[in-house]
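Novice: pasting the sequence and the predicted model now:
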Amino acid sequence: MNVQLFIPCFVDQLYPEVGMNTVKLLEKAGCQVRYNPQQTCCGQPAYNAGFMKEAKAVSEKFVGDFSGSEYIVAPSGSCIGYVRSCFDEIFENSAIQQDAKRVSNNSFELTEFLVNILKVENFGATLNAKATYHDACGSLRECGIKKTPRTLLSHVKGLELVEMKECETCCGFGGTFAIKYEPISIGMAMTKVKSALEVGASTLFRPIFHA
């Protein structure tokens, strides 16, 4: 199966190992992974900041970069959520409306692609730990991703996965929210950490990347 890989801005600049590990997972699942080096951003940061003209321009480049791809996979529920939920509005009545719709329909977050499309759940991983999982806003609310990360984690040998209180509550990051409202963001993050500690977790999992 051929897959086009989309690497979000933060992964590219701050967490390149996430991108490399995404390739390894997809290849282990039997995919031929292609990467377009001309790709940039999906347009979400500009959109969230209210810069609609700039967001449309960047999103239009995204559509051009990935048009014709059967599957577009990204380690980011936030970016995929934006592509799915906002492209209809951004490109309504535009010349590339149909291309944008196809790109949107063909875009998948990594865990949902592995479990729902490829039907692969067990990668033979081992981790001796007690862990809990945080549902990120973009993955949960825009993509409806709840089960697939837990399905993959349930097959990790030696891992005890427990649910914490408020697992669906925002962590406080929210892209620019953490910058504009730092004290509130810190307070929300501390609530999340407290919930994880209360169930005795030594490890807190979250979506591979979210903004």
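Specialist: Perfect, thanks for sending it.
Novice: V23: helix or strand, and which one exactly?
Specialist: Here V23, judged by DSSP states H and E, is contained in helix 16-28.
Novice: for that helix, give me every contacting residue.
Specialist: Contacts to helix 16-28, defined as Cβ atoms under 8 Å, 6 or more residues apart in numbering, come from residues 3, 5, 7, 11-12, 33, 35, 73, 75, 110, 114, 123, 208-209. All C-beta atoms are positioned from the backbone trio N, CA, C, and that covers glycine.
Novice: same check, this time on stretch 152-168
Specialist: The contact list for stretch 152-168 (Cβ under 8 Å, 6+ apart) reads 111, 114-115, 121-135, 140, 150, 191-192, 195-196, 198-201, 205.
Novice: CA atoms only for the helix holding V23 - export them in CSV, please.
Specialist: The C-alpha coordinates for helix 16-28 follow below in CSV (Å, rounded to 0.1, in the frame of the first residue of the first chain):
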residue,chain,number,x,y,z
PRO,A,16,12.2,14.8,14.1
GLU,A,17,12.4,11.4,15.7
VAL,A,18,8.6,11.2,15.7
GLY,A,19,8.7,11.4,11.9
MET,A,20,11.3,8.7,11.6
ASN,A,21,9.5,6.4,14.0
THR,A,22,6.3,7.0,12.0
VAL,A,23,8.0,5.8,8.9
LYS,A,24,9.3,2.7,10.7
LEU,A,25,5.8,1.8,11.9
LEU,A,26,4.2,2.3,8.5
GLU,A,27,7.0,0.2,6.8
LYS,A,28,6.6,-2.5,9.4
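Novice: of the contacts of helix 16-28, buried ones?
Specialist: Using 16 or more other Cβ atoms under 10 Å as the burial test, the contacts of helix 16-28 include 3, 5, 7, 11, 33, 73, 75, 110, 114, 208-209 as buried.
Novice: could you list which of the residues you listed belong to strands?
Specialist: 3, 5, 33, 73 (DSSP state E).
Novice: the closest residue to S67 other than its chain neighbours is in what secondary structure piece?
Specialist: Nearest-residue entry for S67: D99, 5.1 Å, with adjacent residues in sequence omitted and distances by Cβ to Cβ, 6 or more residues apart in numbering. Per DSSP H and E, D99 falls inside helix 97-105.
Novice: which residues outside that helix are in contact with it?
Specialist: So helix 97-105 is in contact with 59, 62-63, 66-67, 69, 72, 83-84, 87-88, 90-91, 94, going by Cβ under 8 Å, 6+ apart.
Novice: mind checking which of these are buried?
Specialist: 59, 62-63, 66, 69, 72, 83-84, 87, 90-91.
Novice: one step back: which of the contacts of helix 16-28 sit farthest apart?
Specialist: D12 and F123 (23.9 Å; Cβ to Cβ).
Novice: let's test this: mean pLDDT of the longest strand along the chain, rounded?
Specialist: Counting by DSSP E, the longest strand found in the chain is strand 126-133. Taken as a whole, strand 126-133 has a mean pLDDT of 96.
Novice: show the subsequent helix or strand relative to it.
Specialist: helix 137.
Novice: report the mean per-residue pLDDT for that next one.
Specialist: In the prediction, helix 137 has an average pLDDT of 88.
Novice: likewise for stretch 154-164?
Specialist: In this model, stretch 154-164 carries a mean pLDDT of 96.
Novice: can you list the buried residues in it?
Specialist: Buried residues in stretch 154-164 (16+ other Cβ under 10 Å): 156, 159, 161, 164.
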